[in-house]
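[1] Predicted coordinates and the sequence they were generated for:
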Amino acid sequence: MSRIGRKPVPVPNGVTVTVNGPAITVKGPKGELSRKLHPDMQVKVENGTVTVDRPSDEDRHRALHGLTRSLIANMVEGVTQGYKKQLEITGVGYKAEVKPFGLQLALGYSHPVEYRAPAGIKLTAPQPIVVVIEGADKEKVGQVAAEIRALRKPEPYKGKGVKYQGEQVRRKAGKAGGK
């Protein structure tokens, strides 16, 4: 058995989990998430826990077993605590500003870049050089962070661009460093 897949997912108070065939819905204080799971996996809700069973020991079933359990655990954690990612903006004149539609970024281009936040994602900029992405869906939070970072990736010579908080940018010496 999969070490991850066989662990039961505890359901905290205030969270409801409903399974309807291959679909699962998790409701909690931070929102509601639903997802369609693989039809081979059997999901049961009993005594305040969610368990996942697999039909056989085939490789694909073994892989799906741990994946399904992790997806359900992430949904439960998302509706109770939520997920958060922080981005740092480095560069002279580079900044972020919260607008009603989402985020307006000045990233050294000739025009400001507008990023529209998808439903369920909250974008904030406590400082002009810090962007905080919050939401209940782990997948969406990570995707939004990756899309904003892709608008101007950190470059290796001066380190200018958008990076994850704590990310180390590998620096290069440049032309003068070669002599």
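    Perfect, thanks for sending it.
[2] ok, so what distance separates the residue sitting nearest the centre point of the chain from Ala176?
    Residue closest to the mean C-alpha point of the chain, counted by CA atoms, centre = their mean, is Gly142 at 2.8 Å. Counting by CB to CB, to the nearest Å, the separation of Gly142 from Ala176 is 38 Å. The C-beta positions use only the backbone N, C-alpha and C, and glycine is treated the same way.
[3] got it, and Gly48?
    Relative to Ala176, and taking CB to CB, Gly48 is found at 64 Å.
[4] swap in Thr68?
    Separation of Thr68 from Ala176 (CB to CB): 54 Å.
[5] which one of those two has more residues nearby?
    Using other CB atoms under 10 Å, the more surrounded residue of Thr68 and Ala176 is Thr68, with 25 against 6.
[6] What are the neighbouring residues in contact with the more buried one?
    For Thr68, the contacting residues are 5, 37-38, 41, 43, 52, by CB atoms under 8 Å, 6 or more residues apart in numbering.
[7] sec struct for it, please.
    Classification of Thr68 using DSSP: H, G, I helix; E, B strand; the rest coil returns helix.
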